[in-house]
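> Task: produce atomic coordinates for the following.
(one chain, ligands or ions: 1)
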Amino acid sequence: MAGTKLRLGVNIDHVATIRNARGGLHPDPVRAAEIVAAVGGDGITAHLREDRRHIRDEDLARIQAATNLPLNLEMAATDEMVEIALRHRPHAACIVPERREERTTEGGLDAAGQHNRLAPIVARLADAGIRVSLFIAPEARQIEAAMQLGAPVVELHTGEYAHACQEPGGGEAVAVELKRIADMAALAAKNGIEPHAGHGLTYDNVQPIAAIPQLAELNIGHYLIGEAIFTGLDAAVRRMRELMDEAR
Ligand code: PXP
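Numbers count the residues shown, from 1 in each chain. Now for the predicted structure:
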């Protein structure tokens, strides 16, 4: 299918997870960012969690200084994170829900239910020139909420799709999830919001998502860092890029 190029944002959090397991400096997420830049990745994504379990405050400036790639800072909607974002001024800030006990970002942000809390945060970030993205479930009411909040970007949570892909005989559920994501990407685009997608994407499940023509960017982390153990990060990013390009 012919279409516009789909950007690949590489989430380097789990390089920091491995570093933190020993408390030292190795492996350095900055080196990962440099490799992503060298092999043609389009952006670096990093999630500064409240508990700093992977990326830490001091990593942000180092990552920004190391490459010219745009930094997409994933952050919870808290005063602390807004202050940090305003200090570092990343290219984009993706607001995610965060629960301390979760292993990863398990669900989408309830943009519809939290309008009053999110509105001043979106406005402050936007006023600082930061491109605000909301990480939401692929649901029409969440897209409508993003419109009301004036967010220029939504990132559609592909976790349910990825989960369905892993279930034996999950074909029907995969088709349902894929349709939801495609429909919501179209709805967002129709309303002037740039749709992105991410979470749980792998070599095996990325192509049907990459084929959705309205999607402008995918953010992929855990699988790529896992593959990097076996093949190197450069080869893993190149392979993902090839699969994405093939699907367009
Ligand atoms: N996008 C967002 C908003 C996320 O929170 C995450 C996980 O941190 C990702 C993308 C990447 O997900 P994964 O690590 O499963 O590829």
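> can I assume I225 is in contact with I12?
Yes: with contacts counted by C-beta atoms under 8 Å, I225 reaches I12, the gap being 7.2 Å. The C-beta positions use only the backbone N, C-alpha and C, and glycine is treated the same way.
> Residues that sit against both of the two, list them.
A32 (C-beta atoms under 8 Å, 6 or more residues apart in numbering).
> Look at those two and report which has more neighbours.
The residue with more neighbours, out of I225 and I12, is I12; 31 against 23, by other C-beta atoms under 10 Å.
> Surely the more buried one touches I220?
No: if you go by C-beta under 8 Å, I12 and I220 don't touch, sitting 10.7 Å apart.
> Longest helix of the protein, counting residues only.
What stands out as the longest helix in the chain, according to DSSP state H, is helix 171-190.
> Helix, strand, or coil at the spatially most central residue of the chain?
Residue closest to the average C-alpha location in the chain (C-alpha atoms, centre = their mean): N219, at 3.9 Å. Secondary structure, DSSP: H, G, I helix; E, B strand; the rest coil: N219 is strand.
> nearest residue to it other than its sequence neighbours?
Residue nearest to N219 in three dimensions, not counting chain neighbours: G198, with 3.6 Å by C-beta to C-beta, 6 or more residues apart in numbering.
> Would you agree that neighbour is in contact with V154?
No: contact criterion C-beta under 8 Å: G198 and V154 do not qualify, at 11.2 Å.
> quick one: common contacting residues for these two?
F135.
> give me the element the residue of the chain most remote from its centre is part of.
Going by C-alpha atoms, centre = their mean, the residue of the chain most distant from its centre is G169, 27.8 Å out. Secondary structure from DSSP states H and E places G169 outside every helix and strand.
> swap in L73?
strand 71-75.
> ok, then the element right after that strand?
Next helix or strand after strand 71-75 toward the C-terminus (DSSP H and E): helix 79-88.
> which regions of the protein lie under the pLDDT threshold?
1-3 (pLDDT under 70).
> Please enumerate the helices of it.
Using DSSP H, helices in the chain cover 13-22, 29-38, 57-66, 79-88, 115-127, 140-149, 159-166, 171-190, 206-210, 222-231, 233-247.
> who wins for proximity to E106 among the ones you listed?
Comparison of those against E106 by C-beta to C-beta identifies helix 159-166 as nearest, at 7.0 Å.
> Much appreciated, bye for now.
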